[in-house]
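>>> Quick one, fold the following:
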Amino acid sequence: MRFLSGLEPGPGGSVFYVETEIAEGGDGEPPAYRSRLWQYRAGERRRLTTGDAANPRWDGDRYLYFLRRQDKVKQLFRLDLEGGEPEELTEFKTGVNGYFLGPNGALAVLALAEDEPTKPGTPRVYQQPPFKFDGAGLLPGQPWQLKVRNAGGWSEPSAFATDVADAVWDPRGEFLYAVSSATHAEQNGWVQRLYRWRPGGEPLELGGGFGPIADPHVAADGSVYFVGFDWQSGIGASPGVWRLSSGGRAERLTPTDLYVGLATVTDAHYGDYGRSMRSDGNGGFWLAVSERGEGRLYHLGAAGELSGPFPLPGSLAAFALESGEPRFALLEDYNRPPALYVDGEPAYDPNAGLTDSLPAPQAFTWKAAEGHEVPGWVLLPEGKGPHPAVLYVHGGPHAAYGRALLFEFYLLRARGLAVVYANPRGSVGYGQDYAQIKGRWGEVDAADLLGFLDAAVERFGLDAARLGVAGGSYGGFMTNWLTARYPGKFKAAATQRSISNWTSFWGASDIGIRFAELELGTGLWEAPELYWQKSPLAHARALETPTLVVHAEEDHRCPIDQGETWFAALIKRGVPARFLRVPGEGHELSRSGRPDRRLKRLEEIVAWLANYLSNG
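Numbers count the residues shown, from 1 in each chain. This is a model prediction of the structure:
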């Protein structure tokens, strides 16, 4: 399987993209991802790099910029489209964490002020969080700052109090509008602000301070448009488009029930899928939206009028504009990874023929007693039933299953297992109220999942005596919760990167304090009994379901003590259990882990569930 990402418009009606393949290991080396830059124009493809490349950006003229990992850190490169080899523009010992192109050749990077890496094995001292982050490990202890390219090389760094998370140049290339937090407390609370910064000067705060900010765009009148939301709306709030006027007032332009951004769960993505908002050049914006399990395309006009969704022959994974119009898109489907489309027509599919024979799942909805509908799907195996079935629960919880390939489900199907999966309350794309489950984990969401499962068993004639449950992250929490609270329901379980104990998660996770307080609705000391009662571990005495525990050793999101604790509880209760520990991987093992480690995970999960359900 190959993965397309990094969609970027190019000259003459062309489009750039990154194509990633899995390369076989050799001489004792493991298999690895290999990503190359390509250009597509009028039916012809041209490979631009032989070495790895990611995050391409075209300057609108002759250069294509991209990032490449060198000596374990990322550096910025530039490729002359008129010919020649890529030119390395940065040689920072600690690398760069992003870059921003502007008009008239303006260029800025995110780099550390003190460019000296910490030697491996050196003890580190931190005075406040964050000090670690999933996928990055221990953090450098200093914020990522802006440096601007000039005639002498690179400018002195900016002096923001915390990491610069994003930035955009003003239309004349004189200022950078940057996203950062005013204090470490704000950074830990996921609150960001917009600043204007002239190289060599001090950051000037413009506004914000009520929630996260992404995808900033600067208008000619000095207004800044961005994607964000207000924490007062809760952690299940829908990101939307906002306008920050030159006077500092922020106004939301899109309805609260429209989720701007793509949140569909898949295991067939690799790389960068771009921004969810792109300017049309006339004061409006094209938007990537998550809606009812699909990626959809909307347009926000200069006068604030919203139109869409526009018809697409697939679910939107990424898009790029030419002359203000969305000519290029990566579209996916239930049984197909993202493929390149141009003007709504298929242009290039690196996986053509690979998954064409896979059937789409059957969609249906279950109406709960409270009156709301729970949407979901059933993927049936071949042959006559009644089939055993696995209830699979997505992570988040503020994500969604939908019109995107879940290759793991087809592996289960191949072993004779039906897969039942749904978007219970807490999922996004069905309105902001539907996504709000603060303080109700294990209650309304569990009721939706169990109700949907029972309806699927009845509707599709599944074997109610051979049911399993599986999931990762929040789905791992729910797997633990359901097997502890409903011990006779499931005959097998596979819990992955889970939460088993909210109290230990609170302090050990890279997002623990803020996430726990937002999701449970209170602090640890304010309600210690709630933290315990919401922990699956509190109810583990009832465990009887044979369970596979999967956890990565470098998972900082749901640290491995959560999996270790659950495995210990299973063994203490005398329940058949197996523990797959995966070294060198973090929370994203199932989506972007090293290929051989991803394969081992799949083999273990499929074998465990098939053994207890197909053969039980």
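>>> mind listing the helices for the stretch 151-300 of the chain?
Secondary structure of the stretch 151-300 of the chain, counting by DSSP state H, counting those that start in this stretch: helices at 184-188.
>>> how near is the residue minimising distance to the centre of the chain to G431?
Among the residues of the chain, the smallest C-alpha distance to the mean C-alpha position (Cα atoms, centre = their mean) belongs to A263, namely 6.9 Å. Separation of A263 from G431 (Cβ to Cβ, to the nearest Å) stands at 14 Å. No exception for glycine: its C-beta is placed from N, CA and C like everyone else's.
>>> Quick check: which ranges of the stretch 1-150 of the chain have low pLDDT?
The stretch 1-150 of the chain contains no residues with pLDDT under 70.
>>> wait, the chain
Counting by pLDDT under 70, the ranges of the chain that qualify are 615-616.
>>> how close does W242 sit to A435?
With the distance defined as Cβ to Cβ, W242 ends up 19 Å from A435.
>>> and what of R172?
Taking Cβ to Cβ as the measure, R172 and A435 are separated by 40 Å.
>>> So in this protein, which helix runs the longest?
What stands out as the longest helix in the chain, according to DSSP state H, is helix 595-613.
>>> Identify the residue spatially nearest to W231, adjacent ones excluded.
Beyond its immediate neighbours in the sequence, the residue positioned closest to W231 (Cβ to Cβ, 6 or more residues apart in numbering) is G211, lying 4.8 Å away.
>>> So what sits opposite that neighbour in the bridge?
Per DSSP bridges, residues listed as beta-bridge partners of G211: Q192.
>>> Would you confirm that it contacts F226?
No - using Cβ atoms under 8 Å, G211 and F226 do not qualify as a contacting pair, with a distance of 10.5 Å.
>>> what about these two, which has more around it?
Applying other Cβ atoms under 10 Å to G211 and F226 shows that F226 carries more neighbours, namely 26 against 19.
>>> Which residue, other than its chain neighbours, is closest to that one?
P216 (4.6 Å).
>>> What separation do you get for that neighbour and R415?
Here the criterion is Cβ to Cβ. By it, P216 lies 47 Å from R415.
>>> who's more crowded, these two?
For P216 versus R415, neighbours defined as other Cβ under 10 Å are more numerous around P216 (23 against 16).
>>> S290 versus that one, what's the distance?
21 Å.
>>> Just to be sure, A455 is in a helix?
Yes - according to DSSP: H, G, I helix; E, B strand; the rest coil, the state of A455 is that of a helix.
>>> give me the number of residues near it?
As a burial measure, A455 scores 20 neighbours (other Cβ under 10 Å).
>>> what do you get for the one 4 residues further on?
R459 sits with 12 neighbouring residues when counted by other Cβ under 10 Å.
>>> so it is in which element?
Taking DSSP states H and E as the definition, R459 sits inside helix 444-460.
>>> and if you look at D52?
With DSSP H and E as the criterion, the answer for D52 is that it lies in no helix or strand.
>>> That one against S35, yeah?
Yes - using Cβ under 8 Å, D52 and S35 qualify as a contacting pair, with a distance of 5.2 Å.
>>> Comparing those two, which residue is more hemmed in?
The residue with the greater number of neighbours, taking D52 and S35 and applying other Cβ under 10 Å, is S35; the counts read 21 against 18.
>>> gap between the more buried one and L48?
To L48, S35 is 12 Å away according to Cβ to Cβ.
>>> Strands of the stretch 501-616 of the chain, residue ranges please.
Remark: strands of the stretch 501-616 of the chain, listed N- to C-terminal, are 547-552, 577-582; assignment by DSSP state E, counting those that start in this stretch.
>>> and among these, the most buried is which?
Mean neighbours per residue, mean count of other Cβ atoms under 10 Å, is largest over the strands of the stretch 501-616 of the chain for strand 547-552, with a mean of 27.
>>> Can you tell me which helices and strands that one packs against?
Helices and strands touching strand 547-552, by 3 or more Cβ pairs under 8 Å, 6 or more residues apart in numbering; DSSP states H and E, are strand 492-496, helix 560-572, strand 577-582, helix 595-613.
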